[in-house]
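A.B. asks: coordinates only, no sequence provided:
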């Protein structure tokens, strides 16, 4: 597991925590599982899905009643990330401010990580 004692892998803004709590309460989920996968024009994409179980290898972040589980493979790529929830006239969704991202595509859906983290080459 990739972590620093006493420091959460990711942080949530109050808006993100409130939205995650709403989603957890609405459907009775344990939380949201956050990960990364190969894909998109920059090489990697974030994944976010409801989860009804907590894997013993997940990094669990609990903040203001919200719970996010980070898949083991994604932990080193997400360390230091701030998750926000933004609402605009055209869209609403979670936004990731990740210091490990070296490049993002124009649409904002695809990211590239520093290859020293073990990120696959596109």
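C.D. replies: Nice, I can see it. This structure is a prediction, so every number in the text was calculated from the model and none was measured. Residues are numbered from 1 along each chain as shown.
A.B. asks: tell me who's in contact with the residue positioned nearest the centre of the chain.
C.D. replies: The residue lying closest to the centre of the chain (CA atoms, centre = their mean) is residue 34, at 4.3 Å. Taking CB atoms under 8 Å, 6 or more residues apart in numbering, we find residue 34 in contact with 10, 46-48, 68-71, 74, 78, 83. (C-beta placed from N, C-alpha, C; glycine too.)
A.B. asks: tell me the residue in this structure that is farthest from the middle.
C.D. replies: Largest centroid distance in the chain under CA atoms, centre = their mean is residue 89 at 23.5 Å.
A.B. asks: low-confidence stretches in the chain?
C.D. replies: Low-confidence segments of the chain (pLDDT under 70): 1-7, 42, 105-122.
A.B. asks: what ranges does it have for its helices?
C.D. replies: Along the chain, the stretches classed as helices by DSSP state H are 14-27, 75-78.
A.B. asks: starting at the chain centroid, how far to the last one?
C.D. replies: Helix 75-78 has its average C-alpha position 9 Å from the chain's average C-alpha position, going by CA atoms, centre = their mean, to the nearest Å.
A.B. asks: sorry, back to before: separation between the residue farthest from the centre of the chain and residue 14?
C.D. replies: 22 Å (CB to CB, to the nearest Å).
A.B. asks: around residue 46, how many other residues sit close by?
C.D. replies: 21 (other CB atoms under 10 Å).
A.B. asks: and for the one 10 residues further on?
C.D. replies: Residue crowding around residue 56 was assessed by other CB under 10 Å; the count is 7.
A.B. asks: how close does it get to residue 69?
C.D. replies: 11 Å.
A.B. asks: who's in contact with residue 35?
C.D. replies: For residue 35, the contact set (CB under 8 Å, 6+ apart) comprises 46-48, 70-71, 73-74.
A.B. asks: which of the residues you listed has the largest number of neighbours?
C.D. replies: residue 70 (28 neighbours).
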